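**Student:** Could you work out the structure for the sequence below:
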Amino acid sequence: MEIDWTSFWAPLWRFLSVGLLGVGINFGTTWLLKERVRCPKYLANSLGFAIAVVVNYLLNRVWTFQSTDEGIAGQALRFAMVAAVGLVLNHGIVYFGHQKLKLGYYLSKVVAVGGVFVWNFTLHSLFTFSG
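**Tutor:** Numbering: from 1, shown residues only. I've put the predicted structure just below:
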């Protein structure tokens, strides 16, 4: 069986591009809420993550996976479920890195983003946008 690498790499690069925009939105919102608005750091982290998820869903649906699935509600629900697990992973990694390993908060967040990226691409490819 021959693997069509083009159909793998093109969505991966688009997903990475959308993800980088999402990281900017996530970090920017988190920083703004934590440092300027003085929200608790995990609330700021959650809100930054949530806003990035909405933007990422829309861009991934249209551009990355070029989905024409008319069941947008079901697809959005699948996306949200994957993202919710990603949020739990994100919090867990940030907490473990910051509290247990004594890494800086933002360094822990960078590690979390990397781990959650792998989770998200895999699940969105195989579950959310597979149809």
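
**Student:** can we go C-alpha only for contacts and neighbour counts from here?
**Tutor:** Will do.

**Student:** got a list of what Phe15 touches?
**Tutor:** 60, 64, 121 (Cα atoms under 8 Å, 6 or more residues apart in numbering).

**Student:** ranges for the helices of this protein?
**Tutor:** 5-31, 41-59, 72-95, 105-123 (DSSP state H).

**Student:** now those in a markdown table, with mean pLDDT and distance to Phe129?
**Tutor:** Output for these, formatted as a markdown table (pLDDT from 0 to 100; distance: least, Cα to Cα, whole Å):
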| stretch | mean pLDDT | distance to Phe129 |
| --- | --- | --- |
| helix 5-31 | 89 | 11 |
| helix 41-59 | 91 | 10 |
| helix 72-95 | 92 | 7 |
| helix 105-123 | 91 | 9 |
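
**Student:** In CSV, list those along with distance to Ser130.
**Tutor:** Formatted as CSV, these follow (distance: least, Cα to Cα, whole Å):
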stretch, distance to Ser130
helix 5-31, 12
helix 41-59, 14
helix 72-95, 10
helix 105-123, 9
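
**Student:** And the nearest residue to Ser46 once chain neighbours are set aside, how close does it get to Trp63?
**Tutor:** Using Cα to Cα, 6 or more residues apart in numbering and skipping the chain neighbours, the partner closest in space to Ser46 is Leu87 (7.4 Å). From Leu87 across to Trp63, the span is 23 Å (Cα to Cα, to the nearest Å).

**Student:** same thing with Lys34?
**Tutor:** In terms of Cα to Cα, Lys34 sits 31 Å off from Trp63.

**Student:** Between those two, which has more neighbouring residues?
**Tutor:** Lys34 (18 against 14; other Cα atoms under 10 Å).

**Student:** got a pLDDT number for the more buried one?
**Tutor:** Among the per-residue scores, Lys34 shows a pLDDT of 96.

**Student:** Might you report the residue contacts of the closest residue in space to Gly97 that isn't next to it in sequence?
**Tutor:** Excluding its sequence neighbours, the residue lying closest to Gly97 (Cα to Cα, 6+ apart) is Ser108, at 5.0 Å. Under the criterion of Cα under 8 Å, 6+ apart, the neighbours of Ser108 are 93-95, 97-98.
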